[in-house]
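# fold the following and give me the result.
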Amino acid sequence: MQCPSCQNTDSRVLESRAADGGRSVRRRRECLNCDFRFTTYERVETVPITVVKRNGNREIFSRSKLLHGLNRACEKTGLDTSRLESLVEELELKLQQRSGKEVSSAEIGEFVLRDLKQISEVAYIRFASVYRQFRGIDDFVSTLETLNADQEQNHLATVR
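Model prediction:
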């Protein structure tokens, strides 16, 4: 590791500890040439996930963009931001574990909707209205009827 002060490549590790919830290692180092102390981080390098948009354009998966959309859908619903962050983290992990590194925006939207349905009906409807590009009241009514039918089916299954 190159010293930021003198650019010497010889250093010793003074301390190592887990960081980012165990996803990286933080190391305190000391340069053997000038005694300058600095911090480095070691992380697993992941292959970027490419999102194929509806119009055929491709872009790199943006965790912050998805989280921003979820935060907008969940405003004033009482959902904790940490719950949404863990939802995005779980989704990103699923995507990283797939063999292909391309995913359609439709697949991402369906993953999110499936999880939101379990967490908050209001957030589900709000996210669906943007993701599925609702054009009018009929789209809302149709989605609400489907949600209601799913709930009734789940209720009947638990009663049995």
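
# and the gap between R72 and L79?
Using Cβ to Cβ, to the nearest Å, we find R72 at a distance of 12 Å from L79. Every residue, glycine included, has its C-beta placed from N, CA and C.

# neighbour count: the two, which is higher?
Taking other Cβ atoms under 10 Å, R72 and L79 do not tie; L79 has more neighbours (19 against 12).

# what comes into contact with the worst-scoring helix or strand of the chain on mean pLDDT?
None of the helices or strands of the chain scores lower by mean pLDDT, DSSP states H and E than helix 137-159, at a mean of 76. Outside helix 137-159, the residues that touch it by Cβ atoms under 8 Å, 6 or more residues apart in numbering are 117, 121, 124-125, 128-129, 132, 134.

# for stretch 129-148, buried residues please.
Applying a neighbour-count criterion of 16 or more other Cβ atoms under 10 Å, the buried positions in stretch 129-148 are 131, 143.

# export that stretch to PDB, keeping only CA atoms.
Extracted in PDB, the C-alpha atoms of stretch 129-148 (Å, rounded to 0.1, in the frame of the first residue of the first chain):
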ATOM      1  CA  SER A 129     -48.500   3.800  -9.600                       C
ATOM      2  CA  VAL A 130     -45.100   5.100 -10.700                       C
ATOM      3  CA  TYR A 131     -43.500   1.900 -11.700                       C
ATOM      4  CA  ARG A 132     -46.500   0.600 -13.700                       C
ATOM      5  CA  GLN A 133     -47.200   4.100 -15.000                       C
ATOM      6  CA  PHE A 134     -50.800   4.300 -14.000                       C
ATOM      7  CA  ARG A 135     -52.800   6.400 -16.400                       C
ATOM      8  CA  GLY A 136     -56.000   6.900 -14.400                       C
ATOM      9  CA  ILE A 137     -58.400   5.800 -11.700                       C
ATOM     10  CA  ASP A 138     -59.000   2.500 -13.400                       C
ATOM     11  CA  ASP A 139     -55.400   1.400 -12.900                       C
ATOM     12  CA  PHE A 140     -55.600   2.200  -9.200                       C
ATOM     13  CA  VAL A 141     -58.900   0.300  -8.900                       C
ATOM     14  CA  SER A 142     -57.600  -2.700 -10.700                       C
ATOM     15  CA  THR A 143     -54.500  -2.800  -8.500                       C
ATOM     16  CA  LEU A 144     -56.500  -2.400  -5.300                       C
ATOM     17  CA  GLU A 145     -58.900  -5.200  -6.400                       C
ATOM     18  CA  THR A 146     -55.900  -7.500  -7.000                       C
ATOM     19  CA  LEU A 147     -54.400  -6.600  -3.700                       C
ATOM     20  CA  ASN A 148     -57.700  -7.200  -1.900                       C
END
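
# fine by me, thanks again.
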